[in-house]
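Q: pasting the sequence and the predicted coordinates here, then a few questions.
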Amino acid sequence: MVENTRLKELATEITRLKDLLAEVCRITEVMERREPELQKWMEHLTLREQDAENRFQTLESTLGSLLQTETPPSTEPPPFQVRNVKLDFPRFDGTDMQNRANVFPTWVAFTRALETEFGPSPYECPSATLFKLTQTSSVHDYYT
């Protein structure tokens, strides 16, 4: 009986190993199919790297030659020139104020000046507007 149990365990282990071997074979096939594609990508990346290196060397040499050559002074101004412009804005120093000039000595004078400046126009007559009012509905409608 112990032998039968041991044989069953071995058979189970052999089956598991066969399944593992089949999985390894499947993975190997997938890897072999993808290898040419990966090789193609590696070649592409190598070419891009070489192209970038060539461009960098070209830029580096061009920049070096531009820095070494002296340009003759130009008679034309540069197309866009930035200048630092300092603007001096007036600052309040307390002078020239209305209360120092004593323009409005009293509150009444100040309010009259406001009314004159912002009050109704002498050409407008509020009483004329009042007299032109007409009744359009009843008094009861007005109260409601």
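A: Sure thing, it's come through.

Q: what confidence value was assigned to Thr28?
A: Per-residue confidence (pLDDT) for Thr28: 94.

Q: which SS class is it?
A: Put simply, Thr28 is helix when judged by DSSP: H, G, I helix; E, B strand; the rest coil.

Q: could you check how far it is from Gln68?
A: For Thr28, the distance to Gln68 equals 59 Å [C-beta to C-beta, to the nearest Å]. For glycine as for every other residue, the C-beta is placed from the backbone atoms N, C-alpha and C.

Q: quick one: low-confidence ranges for this structure?
A: 70-83, 92-102 (pLDDT under 70).

Q: for it, what spans make up the helices?
A: Assigned by DSSP state H, the chain shows helices spanning 2-68, 98-101, 107-118, 126-131, 139-143.

Q: which among those helices is found nearest to Phe89?
A: Closest of the helices of the chain to Phe89 is helix 98-101, at 21.5 Å (criterion: C-beta to C-beta).

Q: hmm, back to that, who has more neighbours, Thr28 and Gln68?
A: It is Thr28, of Thr28 and Gln68, that has more neighbours when counted by other C-beta atoms under 10 Å, with 10 against 7.

Q: now do the contacts for the more buried one.
A: Applying C-beta atoms under 8 Å, 6 or more residues apart in numbering to Thr28 gives no contacts.

Q: next, count neighbours for Lys86.
A: For Lys86, the count of nearby residues is 4 (other C-beta under 10 Å).

Q: now Arg112
A: Arg112 has 13 neighbours, counted by other C-beta under 10 Å.

Q: same thing with Phe110?
A: 13.

Q: is it true that it touches Phe104?
A: Yes. Using C-beta atoms under 8 Å, Phe110 makes contact with Phe104 at a distance of 4.0 Å.

Q: for these two, list the residues in contact with both.
A: By C-beta under 8 Å, 6+ apart, no residue touches both Phe110 and Phe104.

Q: relative to Lys86, which of the helices of the chain is closest?
A: Smallest distance to Lys86 across the helices of the chain (C-beta to C-beta): 30.5 Å, for helix 98-101.
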